[in-house]
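**Student:** I would like to see how this sequence folds:
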Amino acid sequence: MLVVSLTVFFEDPFWVGVFERINNDEQQLEVSRVTFGSEPKDYEVLEYLQKNYYKLQFSPPVQIKSERTASVSIKKLKKEAKKETSRIGTSSKSQEAMRLQLEAQKKQKTEISKAALMEEKERKFLIHQMKKKEKKRGH
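**Tutor:** Numbering: from 1, shown residues only. So this is what the prediction gives:
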């Protein structure tokens, strides 16, 4: 079963939304962070969710352990639900998933820039070689 939750909170100077996607069958958590800017209204969040959910880049999955094996009383479930709704920020698992996503993006960007640098060096080298040949032909 796939469970998706969204937490919107103020992180100076912008409003930020954190999408958490939990796959209970495989016990995995994936996270995506979105910056809204000014405080989003409920209908704006819903509209954003409908238009951009499939475009979100989620972090690599992080293994989570099963929290419940025995049945839990209704009172305890209500208490946990109230605690979840009053919670501000992200959980430590979410932060770990976001950190992994940022590291993956950083690595990808580094590889791309390194490839571009090598291409530029190769191009300059070929230009230099052609100029050397032209000078030699002139004599």
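**Student:** alpha carbons only for contacts and neighbour counts from here, please
**Tutor:** Will do.
**Student:** Give the buried residues for stretch 4-16.
**Tutor:** Buried positions in stretch 4-16, judged by neighbour count with 16 or more other Cα atoms under 10 Å: 6-10, 15-16.
**Student:** Tell me the one among those residues nearest to residue 85.
**Tutor:** Nearest to residue 85 among the buried residues of stretch 4-16 is residue 7, at 9.0 Å by Cα to Cα.
**Student:** what's the longest helix in the chain?
**Tutor:** Counting residues, the longest helix found in the chain (DSSP state H) is helix 92-138.
**Student:** Check which helices and strands that helix sits against.
**Tutor:** Packed against helix 92-138 by the contact rule (3 or more Cα pairs under 8 Å, 6 or more residues apart in numbering; DSSP states H and E) you find strand 28-37, strand 62-63.
**Student:** sorry, back to before: show me the buried residues of stretch 4-16 that map onto strands.
**Tutor:** Among those, the ones falling in strands (DSSP state E) are 6-10, 15-16.
**Student:** how about a markdown table for these, with distance to residue 79 added?
**Tutor:** Formatted as a markdown table, those follow (distance: Cα to Cα, whole Å):
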| residue | distance to residue 79 |
| --- | --- |
| 6 | 19 |
| 7 | 18 |
| 8 | 21 |
| 9 | 21 |
| 10 | 24 |
| 15 | 27 |
| 16 | 26 |
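**Student:** Make JSON lines out of those residues and add pLDDT and distance to residue 46.
**Tutor:** Listed next are those as JSON lines, based on pLDDT from 0 to 100; distance: Cα to Cα, whole Å:
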{"residue": "6", "pLDDT": "84", "distance to residue 46": "11"}
{"residue": "7", "pLDDT": "84", "distance to residue 46": "13"}
{"residue": "8", "pLDDT": "84", "distance to residue 46": "12"}
{"residue": "9", "pLDDT": "83", "distance to residue 46": "16"}
{"residue": "10", "pLDDT": "83", "distance to residue 46": "18"}
{"residue": "15", "pLDDT": "87", "distance to residue 46": "15"}
{"residue": "16", "pLDDT": "86", "distance to residue 46": "14"}
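**Student:** Can you tell me which of those residues is nearest residue 50?
**Tutor:** Closest approach to residue 50 among those (Cα to Cα): residue 6, at 13.0 Å.
**Student:** Thanks a lot, see you next time.
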